[in-house]
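> Below are the sequence and a predicted model; questions follow.
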Amino acid sequence: MKDDSILEPLKMFNSKFKQLQHENGEKYFEELVKESKIDVNANWETIKKYKNEFEQGQYYEKKEGSVRGIKILLVIVGIAALISGLAMAFSGIKSSSALFIVLGIAIFALGIFSFVAVFTKINKIIEERKRKKEEFYKKASDLKVIAYNQMAPLNSLYDYYMTSEIIEHTSPLIQLDDIFDADKYEYLHEKFNLGEVTDPNTSVNYVVSGSIVGNPFVIVNTFNMQMVQKVYTGSIVIHWTTIERSKNGTRTVHHSQTLTASVTKPAPDYYYDTRLIYGCDAAPNLSFGHEPTNINGMNERQLEKYVKRETKKLEEKEEKATKNGENFTVMANNEFDALFNGDDRDNEVEFRLLFTPLAQKNMLDLLKSKVPYGDDFYFYKHKKLNYIISSHSQNFDYNPDMSIFHHFDVDEAKKNFVEFNDEYYQSLYFDLAPLLAIPSYQQIKTQEYIYNTPYRANITSYEHESLANRFDKDLLKHPESSTNLIIKTKFDAKNGKSDQVTIEAHSFKAVKQTTVVSKLGGDGRMHAVPVVWYEYIPIVKNTLMEAKNTKLRKNEYLKEKNNSEFSQFMSQYSKNNAIIYERGLFSVLLDKELDENSSLKFNSLLARKGEKE
């Protein structure tokens, strides 16, 4: 049996997987091109013409811009010449200076000439170059439409599962699922104690699940709200007078001062968070935490000093723990202990069983590497669950819309497709790398869990919220909403193979308020300074959603969607024809709750042969 273990993750990425992923992406794209049956040569020819016309348009746009610059210069020169010429001529008349009069008339004539040149010559040149620019851009635009039509069969093939297939060819150890289904959730919940996202201030924006040697992981991207203290300021300008006396008498002095006041009030703040959660039976009683260091910017000497300093702290902690009868022992590998800094570990034996010499070496390689990311991750282990929160994953979308691949140029389409999948693999790989660095996590396969109780719904709450977040927020938000939305979902009922769900769109209504603050002015008096601020009042709007797992690929979905039965149902029951399809999941916003008959109709939609209700 082939061994797909990744025993040295950093080394294997650089020596094998990085290039292999790139090659697999290129091969996959070429297969897509063959399947689409697009005429590549015809597209090349169209793109060649398009680029030529577009470049000509750019050429005349620059030419038009340069002439416009000359026009502006001539207008400025003309205005200046007219004004200075008149001024000089009048000055000559007053002083009876013939020279000034002649020069003034000459300069004035120059101004007239500038305007004549602008209106008789320059404007015509501008209009001609503008006409040519628009002509070439129009030809380029028409060719672009032709190119898009040539690429349409290929653009229609892009689907969510393609990236996972490429990754599986690169490193079979890493498996990605189509969706985070009920079985995978129950596995993580019952076996590893993963819970649902019940925090009312956190919404699941998207979720991606997978496994390493049968051990499950899930990447959860959430949209979060927290209340912060916001400072509002207001100001007024005060005026007063004072009398000053001197030997020459008295004088009135006018004073002014800006008085500024502030108030601090709670306001909502929103942010995204991405984390990878991995379940494994290895070291089941161990918990610890690692937080990123700043070592990637250090040279060898600085790193050596850092290790010595941190080692001293760990030795002091060990000494203190011994005195207090606590269990903490410094690792023999001081460099690992100092740089990984998992000094909050609560089980010394399991920590050492997990971090074997090879695991320590692998982790040090990751921590000290400067590319691609270095030590940019938080690594928290709580019993059987491991959490990886990396800086690089906060800026990457693991669940993109397939339209990002659509292009009119087959060469650019290939470049975009391959580069995206390279980046996807790299980002995912280095989210998993701290786990892959530990051989035990690949050697221990969790025993299959037998579910005693089936999940209450057809689709997990994670996927319910992910689907709800795909809809246009204007359809979900309260009419008085002034802020972003936190989307929560409530499972209502299981209607055959579909779920009835209530979407709860939580937001705030901003109500303008004014607080008057007394401030002492320079005039010795107290002044009322009004400070405008906003009170944020929680509001919520509920919307019904029906969702099902069609298990259809995109091309199958598009075919089924075009039948009359589908259109008839949507026109009768959907709200604003709001429907979402992604990763085989389908959802629709409803104007009203479905009855038994309409539920049967919904379940018959987008069903594979043999699955019709």
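Cool, the structure landed.
> How confident was the prediction at the closest residue in space to residue 334 that isn't next to it in sequence?
Take residue 334 and drop its neighbours on the chain: the residue closest to it by C-beta to C-beta, 6 or more residues apart in numbering is residue 311, 4.6 Å away. Any C-beta I mention is one placed from the backbone N, CA and C, and that applies to glycine too. Predicted confidence (pLDDT) for residue 311: 96.
> try residue 437
98.
> Would you mind confirming that residue 230 is in contact with residue 268?
No. If you go by C-beta atoms under 8 Å, residue 230 and residue 268 don't touch, sitting 9.3 Å apart.
> between those two, which one's more packed in?
Using other C-beta atoms under 10 Å as the criterion, residue 230 and residue 268 rank with residue 268 on top: 20 against 15.
> any residues in contact with both of residue 230 and residue 268?
Common neighbours of residue 230 and residue 268 are not found (criterion: C-beta atoms under 8 Å, 6 or more residues apart in numbering).
> circling back to that earlier point, so the residue nearest to residue 334 lies in a helix, does it not?
Yes. Judged by DSSP: H, G, I helix; E, B strand; the rest coil, residue 311 forms part of a helix.
> State the distance from it to residue 255.
Distance from residue 311 to residue 255, counting by C-beta to C-beta, to the nearest Å: 64 Å.
> Of these two, give the one with the bigger neighbour count.
Comparing residue 311 with residue 255 by other C-beta under 10 Å, the one with more neighbours is residue 311, at 16 against 12.
> quick one: contacts for the more buried one?
Here residue 311 is in contact with 330, 334, 337-338 (C-beta under 8 Å, 6+ apart).
> in the stretch 401-550 of the chain, which spans are strands?
In the stretch 401-550 of the chain, the strands defined using DSSP state E, counting those that start in this stretch lie at 486-495, 498-520, 526-549.
> Next: the stretch 101-250 of the chain.
Listed in chain order, the strands of the stretch 101-250 of the chain (DSSP E, counting those that start in this stretch) span 174-176, 202-212, 215-246, 249-279.
> can you list the domain ranges for this protein.
Here the domain parsing of the chain from the TED database is 40-157, 162-206+275-443.
> With mean pLDDT added, can I get the strands of the stretch 101-250 of the chain in a markdown table?
Output for the strands of the stretch 101-250 of the chain, formatted as a markdown table (pLDDT from 0 to 100):
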| stretch | mean pLDDT |
| --- | --- |
| strand 174-176 | 96 |
| strand 202-212 | 97 |
| strand 215-246 | 96 |
| strand 249-279 | 96 |
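> if you compare those strands, which one is most tucked away?
Most buried of the strands of the stretch 101-250 of the chain by mean neighbour count (mean count of other C-beta atoms under 10 Å) is strand 202-212; its value is a mean of 22.
> chain center to that strand: distance?
Put simply, strand 202-212 sits 15 Å off its chain's centre (C-alpha atoms, centre = their mean, to the nearest Å).
> Could you check the angle it makes with strand 215-246?
Going by axes from the mean of the first three to the mean of the last three C-alpha atoms, to 10 degrees, strand 202-212 is angled at 140 degrees with respect to strand 215-246.
> Check which helices and strands strand 202-212 is in contact with.
strand 174-176, strand 215-246, helix 410-436, helix 461-468, strand 486-495 (3 or more C-beta pairs under 8 Å, 6 or more residues apart in numbering; DSSP states H and E).
> repeat that for 6 Å
Contacts defined by 3 or more C-beta pairs under 6 Å, 6 or more residues apart in numbering; DSSP states H and E place strand 202-212 against strand 174-176, strand 215-246, helix 461-468.
> partners of the longest one, with directions?
Strand 215-246 has the following sheet partners, assigned by DSSP bridges: strand 202-212 (antiparallel), strand 249-279 (antiparallel).
> what's in contact with the first one?
Taking C-beta atoms under 6 Å, 6 or more residues apart in numbering as the criterion, the residues outside strand 202-212 that touch it are 173, 175-177, 180, 184, 197, 217-224, 398-399, 462, 465-466, 469, 486-487.
> In CSV, could you pull the C-alpha coordinates for that strand?
What follows is strand 202-212 as a C-alpha-only set of coordinates in CSV (Å, rounded to 0.1, in the frame of the first residue of the first chain):
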residue,chain,number,x,y,z
THR,A,202,-21.1,35.2,15.6
SER,A,203,-22.3,34.0,12.2
VAL,A,204,-20.9,31.2,10.0
ASN,A,205,-19.9,32.9,6.8
TYR,A,206,-18.6,29.7,5.2
VAL,A,207,-17.4,26.3,6.2
VAL,A,208,-15.1,23.8,4.5
SER,A,209,-14.5,20.3,5.9
GLY,A,210,-12.1,17.5,5.2
SER,A,211,-9.9,14.9,6.8
ILE,A,212,-6.3,13.7,7.3
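> got the angle for it vs helix 410-436?
Between strand 202-212 and helix 410-436, the angle comes out at 80 degrees (the same axes, to 10 degrees).
> Between strand 486-495 and strand 202-212, find me the angle.
Using the same axes, to 10 degrees: strand 202-212 against strand 486-495 is 70 degrees.
> Next: the last one.
Our comparison of strand 249-279 with strand 486-495, counting by the same axes, to 10 degrees, yields an angle of 30 degrees.
> name the helices or strands packed onto the next helix or strand after strand 249-279?
Following strand 249-279 in sequence order, the next helix or strand is strand 287-290 (DSSP states H and E). Here strand 287-290 touches strand 377-382, going by 3+ C-beta pairs under 6 Å, 6+ apart.
> With respect to residue 129, which of the strands of the stretch 101-250 of the chain lies nearest?
Closest to residue 129 of the strands of the stretch 101-250 of the chain is strand 249-279 (C-beta to C-beta; 46.4 Å).
> how far out from the middle of the chain is that closest one?
Computed by C-alpha atoms, centre = their mean, the separation of strand 249-279 from the middle of its chain amounts to 27 Å.
> Run the angle between it and strand 377-382 for me.
Strand 249-279 and strand 377-382 are oriented at 60 degrees to each other (the same axes, to 10 degrees).
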